[in-house]
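# Take this sequence and fold it.
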Amino acid sequence: MIGVYVVKTRDWSEFEDYVARTMEECHIVGAAVAVAGPKDVIYAKGFGVKDLETKEPVDPETIFGCASVSKSFTALAVTQLADKGLLTVDDPVTEHIPEFRLKGARDMEAVKVRHILSHTTGLPPMARRQEITDLDEHVRYIAEADYELLGEPGEYFSYCNDTFLLSGLILQRKSGQIYRRYMTYRILDPAGMNRSTYNLEELEKMGNLSTPYIYDRKEGKHKKQPWPVLGTYEVGGGVRSCVLDLMKYGQIYLNGGVAPTGERIASAEGIRRMYTSPMYQSGRKTCYHFGLQVTPDYADTGFTLVEHGGSQPGVSSNFGFVPEKGITVAVLTNVTGVPAGAIWLAAVNVALGLPIDTKRSVEVDRGASPSELERFTGLYRCDEGGQAELFMDGDRLIVRREGLEFEAKASDERTVFYEDMGQQQVFRFYFDRPGEKQADPAGKPWAVLAGSRMLRRATGATG
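The predicted structure follows:
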């Protein structure tokens, strides 16, 4: 059984200096970090404060939102159903939700359970409807909304919370329990995650809560946020937890499906399938699987990074593990849009004995000419609200996002990157579609994968 508190096996002073520097530069109010080995928590610490007014310090039991770190919880629950023979990931979604429709889809039976778990259904990011609280109603929203599919199932990776949450409806129909109750009784409780919940009403009773914030970079100040009421989106983002509970959760993956309590949560085969099944490339060296992102052979070490990040109003998070070394790491913060993933990777590097600044991959400027850079220009957006404008300022390519501007460089003929908060932000452009020689007669991209979301080039945008 995993231990409760800290057994220091390495010198974490460099890491703590890095966290302090990152928090100051990125305006992070509070953060918590935990690292566990195969048997014990080897490092756990709170940084900063839970609330700017009370100045109460964060500790490893402080509860934060987890946001999309929650997606692997749902994928794990689907794995439980597969273990019981109630479904397979290759089943058509319509086998379990007969009324499911994607507007413009040629063959609904081609949309499999694996596609909703991996954001590869072809549905682009949709306008968020958090007022919907009934999963059946969300199926109707997907069927009736106005959108154009990106492509065939499995053709493109693009985050889509609205199809991912269908996995929660499958859980409800197969188990006879509402989603939240199933997740609590079948995963949180058996794993001993006693400071974790989907229920906002339970938070005050648990105590030791972080206060959510956004940092307005234009005004230069923090703004307090309410804990988000997610509606049906809780399927992909509803876990509220602390880093010590996430260490218990990580043990399920590292112990072949067995929780620290000794209870079997899922089969070893099902656990492996969640992060080894062939899936769509989502980055230079990363792929997206079932609610988890995977970087094989990290930094030529032979080790695998399995992780997921998250973002909500007042949340930036990252959780994951290194299966070959039995290491679990979690980072939770209470500010939107800050580099929790960078802090997570720095902790992984220390635990692996690597230089703290080792990266998953690094984009390098190839020295593109102004005419080459001009190809990328245009306004790109999605219905969820994401938007990026790329334009030339003299010989420079500029990216404008959320009112901020950054100079971008090209690392190859379809990829540009820029620096923000000390991290590379990567845009991967799509010029052609399968079966088409050129999607745009002017040679412009029809879409860009900006982070994890596909943004279409706005009609009539000339750059």
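
# Not counting sequence-adjacent ones, nearest residue to residue 203?
residue 209 (5.7 Å; CB to CB, 6 or more residues apart in numbering). (C-beta placed from N, C-alpha, C; glycine too.)

# separation between residue 50 and residue 207?
According to CB to CB, to the nearest Å, residue 50 stands 11 Å off from residue 207.

# And residue 227, by the same measure?
Here residue 227 is placed at a distance of 14 Å from residue 207 (CB to CB).

# Neighbour count: the two, which is higher?
residue 227 (18 against 10; other CB atoms under 10 Å).

# Tell me which residues touch the more buried one, please.
65, 200, 203, 212, 240, 314 (CB atoms under 8 Å, 6 or more residues apart in numbering).

# Confirm for me that residue 347 is in contact with residue 328.
No - between residue 347 and residue 328 there is no contact under CB atoms under 8 Å: 10.3 Å.

# Common neighbours of these two, please.
Shared contacts of residue 347 and residue 328, counting by CB under 8 Å, 6+ apart, come down to residue 35.

# if you count what's nearby, which of these two comes out ahead?
Between residue 347 and residue 328, residue 328 has the larger neighbour count (other CB under 10 Å), namely 31 against 24.

# what about the residue nearest to residue 203, distance to residue 58?
On the measure of CB to CB, residue 209 and residue 58 end up 10 Å apart.

# Same check on residue 94?
From residue 94 to residue 58 the distance is 45 Å (CB to CB).

# if you count what's nearby, which of these two comes out ahead?
Of the pair residue 94 and residue 58, residue 58 is the one with more neighbours under other CB under 10 Å, namely 26 against 15.

# Grab the nearest non-local neighbour of that one.
Computed as CB to CB, 6+ apart, the closest residue to residue 58 that is not its neighbour in sequence is residue 46, at 3.3 Å.

# Can I get the helix or strand containing that neighbour in CSV? Just the C-alpha atoms.
According to DSSP states H and E, residue 46 maps onto strand 41-48. Written as CSV, here are the backbone C-alpha positions of strand 41-48 (Å, rounded to 0.1, in the frame of the first residue of the first chain):
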residue,chain,number,x,y,z
VAL,A,41,5.1,9.1,-1.8
ILE,A,42,8.6,10.4,-2.3
TYR,A,43,7.8,14.1,-2.5
ALA,A,44,4.8,16.2,-1.6
LYS,A,45,4.6,19.9,-1.1
GLY,A,46,2.3,22.9,-1.3
PHE,A,47,3.4,26.2,-2.8
GLY,A,48,1.9,29.6,-2.4
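
# Parallel or antiparallel, which strands does that strand pair with?
strand 30-36 (antiparallel) (DSSP bridges).

# Could I have the CA atoms of the partner strand written out in PDB?
C-alpha atoms of strand 30-36 as PDB (Å, rounded to 0.1, in the frame of the first residue of the first chain):
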ATOM      1  CA  GLY A  30      -1.200  28.400  -5.300                       C
ATOM      2  CA  ALA A  31       0.000  25.000  -6.400                       C
ATOM      3  CA  ALA A  32       0.500  21.500  -5.000                       C
ATOM      4  CA  VAL A  33       2.900  18.800  -6.200                       C
ATOM      5  CA  ALA A  34       3.200  15.100  -5.300                       C
ATOM      6  CA  VAL A  35       5.500  12.400  -6.600                       C
ATOM      7  CA  ALA A  36       5.200   8.700  -5.700                       C
END
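
# I would like the residues contacting it, please.
2, 19, 23, 41-51, 58-60, 62, 64, 210, 242-244, 246-247, 250-251, 327-334, 340, 343, 347, 350-351.

# Strands of the stretch 201-350 of the chain, start to end?
Here the stretch 201-350 of the chain has its strands, by DSSP state E, counting those that start in this stretch, at 213-216, 221-224, 240-241, 280-281, 287-288, 293-295, 305-312, 315-322, 327-333.

# Dump those strands into TSV; add distance to residue 76 and mean pLDDT as well.
Below are the strands of the stretch 201-350 of the chain laid out as TSV (distance: least, CB to CB, whole Å; pLDDT from 0 to 100):
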stretch	distance to residue 76	mean pLDDT
strand 213-216	30	96
strand 221-224	33	96
strand 240-241	14	98
strand 280-281	20	85
strand 287-288	16	94
strand 293-295	15	96
strand 305-312	12	97
strand 315-322	12	98
strand 327-333	14	98
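
# out of these, deepest packed?
strand 327-333 (a mean of 30; mean count of other CB atoms under 10 Å).

# partner strands of the one helix or strand residue 389 maps to, parallel or antiparallel?
Residue 389 belongs to strand 387-393 when elements are defined using DSSP H and E. Under the criterion DSSP bridges, strand 387-393 sits next to strand 378-381 (antiparallel), strand 396-401 (antiparallel) in its sheet.
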